[in-house]
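**Student:** Just a sequence and a predicted model for now, questions to come.
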Amino acid sequence: MIYQTDDQPIVACSTGLSENTAIGVIRLSGFTDLVGSIGPFFKKDLSKLEIRKATFVNLYDIDGNFLDEVVITYFKGPNSYNGENILEIAAHGNTLNLKRIMNAFINSGNFRLAKNGEFTYRALKNKKLSLAQVEGLDALLNASSSLMLDEGLKLLNGSLYQKYTDLYDKFLKLKAAVEINIDFAEDVGEEQSQKLLDEAVSDISTHISSLHRSASVNAKSLMSPDIVLCGEPNAGKSSLFNLFLDESRSIVSDIAGTTRDYISEYISLGNETFKLVDTAGLRNTTDVIEEEGIKRSRNLIDNAFYKILLVNINEVEKYQYHDINETLFDALIFTHFDEFEGDLNLDTLKSNLPKAIKYYSADTSKGEGRLVEISGPIGPKTTSGSIEPKELEEFNLGPMGANQKNGPIEPQDNTGPTGAKVGKNQKTGPIEPPHITDLITQDILSKYTKLRNSDPISIERHRIVINDIYSKFSEFSSNIKYLDDIAIISSEVSILEKKTAELIGIISPDDTLTHIFTNFCIGK
Ligand SMILES: Nc1nc2c(c(=O)[nH]1)N(C=O)[C@@H](CNc1ccc(C(=O)N[C@@H](CCC(=O)O)C(=O)O)cc1)CN2
Ligand SMILES: Nc1nc2c(ncn2[C@@H]2O[C@H](COP(=O)(O)OP(=O)(O)OP(=O)(O)O)[C@@H](O)[C@H]2O)c(=O)[nH]1
Ligand SMILES: [Mg+2]
């Protein structure tokens, strides 16, 4: 299917028609004769209408019936959003009123209702926006996380768009350097022309590597950052879920398999909203319904932004759900730590379990928790690897440890968001133990910030084209010293330049256009 259109003048309500609002904006675009085709609606000589200035006027239908008091703004093409003549009418935002006004223009026979995204389509056609910018607009308008919103803005006219156009300019420079090698090597000197070429190649190499890094960030998990709790039945998933929500949202019981399907709630951590998901306990089962629940859990884990595995520390030896052994968890929490009496050797405990970046111990029925080890790719060297049992004991125990049975457990209500605050009996009592949700929250936010700072590119088309340019260019730059046929070099550079033009959207395939514009709302 191809996005089909014509050049007729169009009208639409850009502020939506699903709800009454204070003010609604109706846009008219693509008319050539402001005075003749629009003047009658205002019973005014619009030849004196000031450009890009808000003007208060009365609006009438074609038969002269009064419709509304409105404010109009005229953008004379090509200096408008889409390059066409545009008139914006800000009217009273009752949807009946807005529809009646639109109908007045449509019934005059000079305007038709715009299709989805048609104003913007014309901006693209008139080269006011490139395809990449339109995709940015799409991301901006449909964003469900502040990260997507940022990406949209960066594409629309910001740093990311600049990176794309810089890459294109650099390919043009490379092309020029190649041409100098072909035509003017003798004039410039062999050495000088080779230097130009080398510089151009290395410049692109740095640039495309940075884009490639941005395109390699796991984008799926960023669109809706889910925090998924999983583990075998009775591990304490629902207990932790409720600790996060500060209420008993999920049913907690000692019957294994209590949670049969996943449940989720939105939670605010820092300034961000995350979806917290409590999943069905993972176990090998013959129950068809439970099996389906587990399948869903697996799916959620695979796509999660932050994966938490809970394991009852007293049952590590019995742990048997190995289908997720390949998954790297962000956090593994040893729960039921308050009941633990065994030998605390983390290496032994870990050997029967999937891997994680950070290990915690906790009493998930109450909330106390400790960080026990950082390992894996992001852990600092000093804390990675195994910790000596003695060291771990000091690190790990404290008020919740060996003395726990005789010593009082401090009430939780004084625990602030950073954990470790002094409890109620300040003078005599021990220090308040940290809260597991505070520790995990810190880690979630730090992961989110890190991802955000890595300038992720989540638009699939861009990821594909960037990866393609990256791999073709890598091949090209490692071969260039062996290529003695300058004509071959030249044609390779042309291919890469075309791909970059495609990334920006200077060249845009029809199916891409259709895909994008059907996603837009009417009036955009
Ligand atoms: N009222 C109103 N608000 C709006 C829009 C709009 O169309 N109308 N926009 C719609 O998305 C966004 C703003 N985008 C716009 C982009 C370009 C031009 C424009 O007139 N461009 C001219 C002049 C540029 C200049 O003076 O610097 C041009 O490009 O030639 C207007 C709005 C958000 N807010
Ligand atoms: N002592 C102790 N009890 C806990 C701890 N965490 C959870 N419990 C208890 O263990 C039982 C199971 O907890 P849930 O939170 O329902 O476990 P779950 O992982 O959601 O279990 P399923 O929904 O069956 O998969 C409940 O009785 C909890 O009160 C803990 O750290 N220490
Ligand atoms: Mg549960």
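**Tutor:** Received the coordinates, thanks. Ligands and ions are numbered 1, 2, ... in the order given.
**Student:** Can you pull up the residues of the stretch 51-200 of the chain that come close to ligand 1?
**Tutor:** Within the stretch 51-200 of the chain, the positions near ligand 1 by C-beta under 6 Å from any ligand atom are 75, 79, 80, 81, 88, 128. Backbone N, C-alpha and C define where each C-beta goes, glycine included.
**Student:** ok, which pair from those residues is furthest apart?
**Tutor:** 88 and 128 (16.0 Å; C-beta to C-beta).
**Student:** if we can go back for a sec, could you identify the buried members of the residues of the stretch 51-200 of the chain next to ligand 1?
**Tutor:** Buried members of those, counted by 16 or more other C-beta atoms under 10 Å: 75, 80, 81, 88, 128.
**Student:** ok, those residues vs ligand 3, which is closest?
**Tutor:** Ligand 3 has its nearest neighbour among those in residue 81, at 51.7 Å by C-beta to the ion.
**Student:** Which positions within whichever helix or strand residue 290 is part of qualify as buried?
**Tutor:** Element membership for residue 290 (DSSP states H and E) is helix 288-303. Neighbour counts using 16+ other C-beta under 10 Å place 290, 293, 294, 297, 298, 300, 301 of helix 288-303 among the buried residues.
**Student:** From residue 280, how far off is the third one?
**Tutor:** Read it as residue 294. 6 Å (C-beta to C-beta, to the nearest Å).
**Student:** swap in the fifth one?
**Tutor:** Here the criterion is C-beta to C-beta. By it, residue 298 lies 10 Å from residue 280.
**Student:** so can I have TSV of the buried ones among the residues of the stretch 51-200 of the chain next to ligand 1 showing secondary structure and pLDDT?
**Tutor:** Formatted as TSV, those follow (DSSP: H, G, I helix; E, B strand; the rest coil; pLDDT from 0 to 100):
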residue	secondary structure	pLDDT
75	strand	98
80	coil	98
81	coil	97
88	strand	98
128	coil	95
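**Student:** Show me which helix runs longest in the chain.
**Tutor:** Counting by DSSP state H, the longest helix found in the chain is helix 190-216.
**Student:** buried residues in it?
**Tutor:** 193-194, 196-197, 200-201, 204-205, 207-208, 211-212, 214-215.
**Student:** next helix or strand past the least confident helix or strand in the chain by mean pLDDT?
**Tutor:** In the chain, the helix or strand scored least confidently by mean pLDDT, DSSP states H and E is helix 389-396, which has a mean of 38. Downstream of helix 389-396, the next assigned helix or strand under DSSP H and E is helix 436-453.
**Student:** Quick one: list the elements packing against the helix or strand following that following helix.
**Tutor:** Downstream of helix 436-453, the first helix or strand assigned by DSSP H and E is helix 460-479. Packing partners of helix 460-479 (3 or more C-beta pairs under 8 Å, 6 or more residues apart in numbering; DSSP states H and E): helix 131-142, helix 190-216, helix 486-504.
**Student:** can I get the ones you listed in a markdown table with mean pLDDT?
**Tutor:** Listed next are these as a markdown table, based on pLDDT from 0 to 100:
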| stretch | mean pLDDT |
| --- | --- |
| helix 131-142 | 93 |
| helix 190-216 | 91 |
| helix 486-504 | 91 |
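**Student:** Same list (the ones you listed) but as CSV, adding distance to residue 352.
**Tutor:** Formatted as CSV, the helices and strands packed on helix 460-479 follow (distance: least, C-beta to C-beta, whole Å):
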stretch, distance to residue 352
helix 131-142, 43
helix 190-216, 32
helix 486-504, 47
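**Student:** Need the mean per-residue confidence for stretch 454-468.
**Tutor:** Per-residue pLDDT values across stretch 454-468 average out to 93.
**Student:** so how far is that stretch from its chain's centroid?
**Tutor:** 12 Å (C-alpha atoms, centre = their mean, to the nearest Å).
**Student:** Can you show me the strands along the stretch 1-150 of the chain?
**Tutor:** Taking DSSP state E, counting those that start in this stretch, the strands of the stretch 1-150 of the chain run over residues 10-13, 23-29, 55-60, 66-75, 86-92, 112-113.
**Student:** winner for burial among the ones you listed?
**Tutor:** Most buried of the strands of the stretch 1-150 of the chain by mean neighbour count (mean count of other C-beta atoms under 10 Å) is strand 10-13; its value is a mean of 24.
**Student:** which helices and strands sit right next to that one?
**Tutor:** strand 23-29, helix 95-107, strand 112-113, helix 118-125.
**Student:** Any chance of CSV for the ones you listed, columns distance to ligand 3 and mean pLDDT?
**Tutor:** What follows is the helices and strands packed on strand 10-13, written out as CSV (distance: least, C-beta to the ion, whole Å; pLDDT from 0 to 100):
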stretch, distance to ligand 3, mean pLDDT
strand 23-29, 47, 98
helix 95-107, 45, 98
strand 112-113, 51, 97
helix 118-125, 47, 94
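**Student:** between those, which gets nearest to ligand 2?
**Tutor:** With C-beta to the nearest ligand atom as the measure, helix 95-107 is the member of the helices and strands packed on strand 10-13 nearest ligand 2 (46.2 Å).
**Student:** So for that closest one, what gets flagged as buried?
**Tutor:** 98, 101, 102, 104, 105.
**Student:** Also stretch 232-250?
**Tutor:** 232-245, 249-250.
**Student:** Which members of these are positioned in helices?
**Tutor:** Per DSSP H, the buried residues of stretch 232-250 map to helices at 237, 238, 239, 240, 241, 242, 243, 244, 245.
**Student:** Give me the nearest residue to the fourth one, chain neighbours excluded.
**Tutor:** Distance criterion C-beta to C-beta, 6 or more residues apart in numbering; nearest residue to residue 240, sequence neighbours excluded, is residue 364 at 4.8 Å.
**Student:** shouldn't the one you found be in contact with residue 312?
**Tutor:** No - using C-beta atoms under 8 Å as the test, residue 364 is too far from residue 312 to be in contact (9.4 Å).
**Student:** shared neighbours of those two, anything?
**Tutor:** Taking C-beta atoms under 8 Å, 6 or more residues apart in numbering as the criterion, residue 364 and residue 312 both touch 236, 335, 336.
**Student:** Dump those to TSV, plus pLDDT.
**Tutor:** What follows is the shared contacts of residue 364 and residue 312, written out as TSV (pLDDT from 0 to 100):
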residue	pLDDT
236	95
335	96
336	96
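**Student:** what's the closest of those to ligand 2?
**Tutor:** Checking the shared contacts of residue 364 and residue 312 one by one against ligand 2 (C-beta to the nearest ligand atom), the nearest turns out to be residue 236, at 3.0 Å.
**Student:** these two touch, right, that closest one and residue 364?
**Tutor:** Yes - the pair residue 236 / residue 364 is scored as a contact, 3.5 Å apart, by C-beta under 8 Å.
**Student:** Dihedrals phi and psi, residue 161?
**Tutor:** For residue 161, the backbone dihedrals (degrees, to the nearest 10) come out as phi -60, psi -40.
**Student:** Could I get the contacting residues of it?
**Tutor:** By C-beta under 8 Å, 6+ apart, the neighbours of residue 161 are 130, 132, 133, 136, 154, 155.
**Student:** how near is the nearest residue to the first one once chain neighbours are set aside to residue 160?
**Tutor:** For residue 130, the nearest residue in space outside its immediate sequence neighbours is residue 505; the separation is 4.3 Å by C-beta to C-beta, 6+ apart. Computed as C-beta to C-beta, the residue 505 to residue 160 distance reads 13 Å.
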